[in-house]
Each structure stands twice: as structure tokens, then as C-alpha cells.
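Peer 1: Sequence and computational prediction follow.
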Amino acid sequence: MQENASFLPIPLNQAWHGRRETMQMLMKYAFKHPINALEIGVWFGLGSTQIWLDNLKPQSNLLLLDSWRPYASQSDLSNMQWDYKSSDNMSTDAFLSTFLNVKKFENEYRDRQISIQMTRGRSKDFLPFLRDDSFDFIYIDGDHRYADSKFDIIQAKRLIKKDFGIICGDDLELLPTNALIEIAKNNTDTDFVKEPQAFHPGVLLAVSEEFDHVNMVNGFWWVICKNGEFNTCSIEFEMQFMDNPMADVRLLEQDVNGYNIVMLDTIFLGVPISLGELNLRKKEDLARPGIIVKLSLQELKTEIARITA
């Protein structure tokens, strides 16, 4: 490694704006009751951890699992884009940051009675001791190299509740293609590659092998387990069958190519004017044919333009 190499800054919080809204919506709308949640890979406890804590229902349980120790391979250490050595040296700071953030949350939101457990250990040493069908929600953001990513997903499939549960994760920048899978197979011990496209090869390869298809928005991916089967039924679709009497409904724009654009809490709806007056807090009206549901305003407008072209 060059002594004076210039590296990109190490992110302490990877719940960037482009994926934060999707993560919040997934937790907020998928579960209407207390759940058991597992986060594999916590780092500083500033990103995804805070999203789950902010949106978990009262009396839920959250298990935080991280090794909080150096993990970079020789291939990673020779990477000239990220300073993996400095990242490894921050593992103790990351553990202390998570501990302090957890204590702060417990002190400020004691009335929500959310139980938080921090476990320091490698997933391959800890996860096999957990019981099958133990969790409603599992988030995977641990070691991104292939063997560890695949192990975490296999364990998550065993641990998730089979009647209904969600497995999700980070750092799937690109959906798998045959070409990307071949690149990934040649970089199984590498955290991140930049050429010919920037992505985490281990995550992509593991996801492609364990699931036929996944949903993905800005690198955040998820699948839903229903009755023992994993599918890509999106959370936007799931929302159409849920009553939400407290939802914040706002009309943003009228008559955009025959659609009214409405914001329902954190998602965007294209409602055909032809449907007349609706109560979008009721599942019967949300399920009306023709309503478009998207995670961003731009996505919604693009879809309306496509449909009405």
C-alpha cells in the first residue's frame, strides 16, 4: 500500500438518504405488533440501528450482533480506494459508540419497553446456537465477503419466522446478472470492486445463490417470507392491504396526466382521477385497481409518464 495514498473517508453511517426512506417504511408498515428483530453487522450503531429503534413497536426485542474486530483481507488491504487498515483500527470505537447510543435510547425511551441486547462475536460462531423461526425481521450487513455473506443469509433463512418475516440487507448495489456473477466468482475474498462496475461481489454472489429474486432500492435489498416461501412481494404491495387510520395523507399535485399525486406518510401514490373520492387510510380503497405506489416522487412521475405515453 502506498504510504501517502489518498483514500475516500470511512463512512460511520451507511443509512444514506436514498435508502433510509425505504428502510423506515419497511419497518413501519410491515409490522403492527411487537417483534423480534436481529441486526447482523452494527458498526457504530448510527445508521440502520437507529432506524430500527425509531420504528420498532413498543415491547419489541432487538438483538445487535457484531464482531467489532478487524476483518479486512489481504485483498482489501491492497485496495487503493478504501483505507481498510484505518477501518479495522476503529472497531473498538465502533463498539463503544454503539453501547453509548443504546444506553441513550434506553434512557430517553424507557416507556417504549424495547429490549436491546448487544452481542460481540462472529456470526459463524453465534448464529448456529439460535433457534429456528426465532425472528420476524433480520437485517444483514456484516462481513461482505462471499463465504460470510452466504453463511449469514443461510442462517437468516433458518432463523426467520416462516408464517411471515422479512430478511433484508445492505450493499447490493446492482442486481445480479450473468456477467456480474462471473466477476463476483473471481473476487470471493474481496469486500468491494470498482471495475468494471462498483459493487460488493460477495453480497451479490451470495444473494444470487440463495434467492431467485430480491427487491432492491439504492443498495438496500429485501425479501418476504410467507408460509415458508421467499418472494419479492414488495412492501408497497403489502401496504395496499393494511388499514392505517392514523396515516398522514397529503395531496401534492392535481391532474398529472389523469392522476392526482398523493403522499401517504412516506410513500407516494398516483391515484386515477376516474376513481373519484377515496379514503386512502382504508385498505379497501388502497387496493383499488389503477393506483400506483412508489417510494419516491420521481419514480412515481416516471411511471405515470410511461403509462400515459
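Peer 2: Everything's here; your move. Numbers count the residues shown, from 1 in each chain.
Peer 1: mind checking which helix or strand of this structure has the lowest mean pLDDT?
Peer 2: Each helix and strand of the chain was given a mean pLDDT (mean pLDDT, DSSP states H and E); the minimum falls on helix 235-239 at a mean of 55.
Peer 1: Sort out which residues of the helix or strand following that helix are buried, please.
Peer 2: Where DSSP states H and E defines the elements, the next helix or strand beyond helix 235-239 is strand 249-256. For strand 249-256, burial by neighbour count (16 or more other Cβ atoms under 10 Å) applies to Val256. Bear in mind the C-beta positions are built from the backbone N, C-alpha and C, glycine included.
Peer 1: Also stretch 193-202?
Peer 2: Val193, Phe199, His200, Pro201, Gly202.
Peer 1: Helices - which of the residues you listed land there?
Peer 2: The helices, defined by DSSP state H, take in Pro201, Gly202 from the buried residues of stretch 193-202.
Peer 1: give me every residue that touches Arg120.
Peer 2: Going by Cβ atoms under 8 Å, 6 or more residues apart in numbering, Arg120 touches Asp66, Ser67, Trp68, Phe95.
Peer 1: which one of the residues you listed is nearest Gly270?
Peer 2: Asp66 (40.5 Å; Cβ to Cβ).
Peer 1: Give the closest residue to the closest one in space, chain neighbours not counted.
Peer 2: Leaving aside its chain neighbours, Asp66 sits nearest to Val42 (4.1 Å; criterion: Cβ to Cβ, 6 or more residues apart in numbering).
Peer 1: pLDDT score for the one you found?
Peer 2: pLDDT, Val42: 96.
Peer 1: now it: how far from Leu64?
Peer 2: 5 Å (Cβ to Cβ, to the nearest Å).
Peer 1: where in this protein is pLDDT low?
Peer 2: Scanning the chain for pLDDT under 70 picks out 1-18, 80-81, 233-244, 266.
Peer 1: could you pull out the helices for it?
Peer 2: Using DSSP H, helices in the chain cover 17-30, 48-55, 74-77, 84-89, 91-108, 123-126, 146-159, 178-185, 201-210, 235-239, 283-286, 297-308.
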